[in-house]
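Trainee: need coordinates for the following:
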Amino acid sequence: MTLLPYLEANRLEAGCDEVGRGCLAGPVMAAAVILPPDFSNKWINDSKKLTKANRESLVELIKGESIAWAIAEASVEEIDEINILNASFLAMKRAIKKLPKTPEHLLIDGNRWKSDLDIPHTCVIKGDGKFASIASASILAKVARDKFMETLAKDHPFYGWETNVGYPTKAHREGIKKHGDCIWHRKSFTLLKGQMSLDLK
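Mentor: Next up, the predicted model:
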């Protein structure tokens, strides 16, 4: 199924999505993508429904065919300071501000959006499965974040980040239990069940 190219014709719309809200470690990353109105690609879909190979193969296509794209993040420290929801909004805002063209409207994945940007917006629940621009943003953010976590895994080999990219898998929690947490863990999250936080080693 080909996703919708726009919400309203003849308007510069940026699809926005974030990745990594449910992780125990690493930043939350977001992307914003403005696609041309005639864009159509049957492979573009919610990044969670695509294989890793498919996501990676679509990155250059999205970057090459989009009118504008940008990726940004909010750090672990910011997540712990302002909470993950606000950090997700911050990462998306940064991605939008990095776009070389200012969009006339934002399509935000999810049911909430908060920012001081003076750009009208529409929140779309499960938007990454409905609009190509939001799906494209989810793909760019997912691939960028996964690669970042895979790189971190080389220096922090105890947590399985090369495969779980920071999500709370059994291997990840076992690694924390055995080796403690590290600077990339979100201290405001429950890293181990029954334990609110861990002290830094």
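Trainee: assess the claim that residue 75 and residue 25 are in contact.
Mentor: No. Contact criterion C-beta atoms under 8 Å: residue 75 and residue 25 do not qualify, at 11.8 Å. Backbone N, C-alpha and C define where each C-beta goes, glycine included.
Trainee: okay, the two: which has more neighbours?
Mentor: Remark: of residue 75 and residue 25, residue 25 carries more neighbours, 26 against 15, as counted by other C-beta atoms under 10 Å.
Trainee: and the helix ranked longest in the chain, C-alpha only, in PDB?
Mentor: The single longest helix within the chain, with elements called by DSSP state H, is helix 132-155. Output of helix 132-155 as PDB, limited to C-alpha atoms (Å, rounded to 0.1, in the frame of the first residue of the first chain):
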ATOM      1  CA  ALA A 132       4.900   9.200   3.300                       C
ATOM      2  CA  SER A 133       6.600  12.200   4.800                       C
ATOM      3  CA  ILE A 134       6.200  11.000   8.400                       C
ATOM      4  CA  ALA A 135       7.200   7.400   7.400                       C
ATOM      5  CA  SER A 136      10.300   8.900   5.700                       C
ATOM      6  CA  ALA A 137      11.200  10.800   8.800                       C
ATOM      7  CA  SER A 138      10.800   7.700  10.900                       C
ATOM      8  CA  ILE A 139      13.200   5.800   8.600                       C
ATOM      9  CA  LEU A 140      15.800   8.500   8.700                       C
ATOM     10  CA  ALA A 141      15.700   8.800  12.400                       C
ATOM     11  CA  LYS A 142      15.600   5.000  13.000                       C
ATOM     12  CA  VAL A 143      18.600   4.300  10.800                       C
ATOM     13  CA  ALA A 144      20.600   7.200  12.200                       C
ATOM     14  CA  ARG A 145      19.900   6.200  15.800                       C
ATOM     15  CA  ASP A 146      20.600   2.500  15.200                       C
ATOM     16  CA  LYS A 147      24.000   3.300  13.600                       C
ATOM     17  CA  PHE A 148      24.800   5.600  16.600                       C
ATOM     18  CA  MET A 149      24.000   2.900  19.100                       C
ATOM     19  CA  GLU A 150      25.900   0.300  17.100                       C
ATOM     20  CA  THR A 151      29.000   2.500  17.300                       C
ATOM     21  CA  LEU A 152      28.600   3.000  21.000                       C
ATOM     22  CA  ALA A 153      28.400  -0.800  21.500                       C
ATOM     23  CA  LYS A 154      32.100  -1.000  20.500                       C
ATOM     24  CA  ASP A 155      33.100   0.900  23.600                       C
END
